[in-house]
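*Asks:* Mind folding the following:
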Amino acid sequence: MEVSKLEPTHVILFRCEPATHLSDFHTAPRRQYVITLSGQVEIETGDGTIRRFGPGDVMLAEDTTGRGHITRVVGGQPRHYAFIPLK
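*Replies:* Below you'll find the predicted structure:
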C-alpha cells in the first residue's frame, strides 16, 4: 500500500461545469488539488502541453503565476469535480 504525506487543508469545494465549458488562459488562485469525479477535461499549459483528466484523476494545480492554463471540458458530458485548497 502507498500512502501520501498529510497535506494541511481546511475546506473542500464541489463544482460542476457544462459540457461546453471553455476557460481561456488563467492561473490557479492558490495551490490546490483538483479531483475529477465525472466527465473529462483537457488542461493545456502555456508550453502547449495538453493532458486529459477523467473520473478519479487527481491534479495538483500550482500555476499561480505566469500565463496559467486553459481548461476545456471534453467528451460531451458535464464535468463534476472537487477542489481541495492547500494551506
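
*Asks:* Alpha carbons only: can I get the helix or strand hosting residue 73 in CSV?
*Replies:* For residue 73, the enclosing helix or strand under DSSP states H and E is strand 69-74. The C-alpha trace of strand 69-74 is given here as CSV (Å, rounded to 0.1, in the frame of the first residue of the first chain):
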residue,chain,number,x,y,z
HIS,A,69,-3.6,27.2,-18.3
ILE,A,70,-6.7,26.6,-20.5
THR,A,71,-9.5,24.4,-19.1
ARG,A,72,-11.7,22.7,-21.7
VAL,A,73,-14.4,20.2,-20.8
VAL,A,74,-14.5,17.4,-23.5
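
*Asks:* Show me what the helix or strand just after that strand pairs with in its sheet, parallel or antiparallel.
*Replies:* Using DSSP H and E, the helix or strand that follows strand 69-74 towards the C-terminus is strand 79-85. Using DSSP bridges, strand 79-85 pairs in its sheet with strand 13-17 (antiparallel), strand 32-38 (antiparallel).

*Asks:* Which positions in strand 79-85 come out as buried?
*Replies:* Along strand 79-85, these residues count as buried under the neighbour rule (16 or more other C-beta atoms under 10 Å): 79, 81, 83-85. Heads up, the C-betas are built off the backbone N, CA and C, glycines and all.

*Asks:* Over to stretch 51-69?
*Replies:* Buried residues in stretch 51-69, defined by neighbour count with 16+ other C-beta under 10 Å: 53, 59, 61, 63, 68-69.

*Asks:* Which single one of the residues you listed is nearest to residue 17?
*Replies:* Within those, distances to residue 17 taken as C-beta to C-beta reach their minimum at residue 53, with 12.5 Å.

*Asks:* Need the per-residue pLDDT for the residue nearest to the closest one when sequence neighbours are not counted.
*Replies:* Nearest non-adjacent residue to residue 53, counting by C-beta to C-beta, 6 or more residues apart in numbering: residue 36, 4.8 Å away. pLDDT, residue 36: 98.

*Asks:* same deal with residue 4?
*Replies:* The confidence metric pLDDT takes the value 89 at residue 4.
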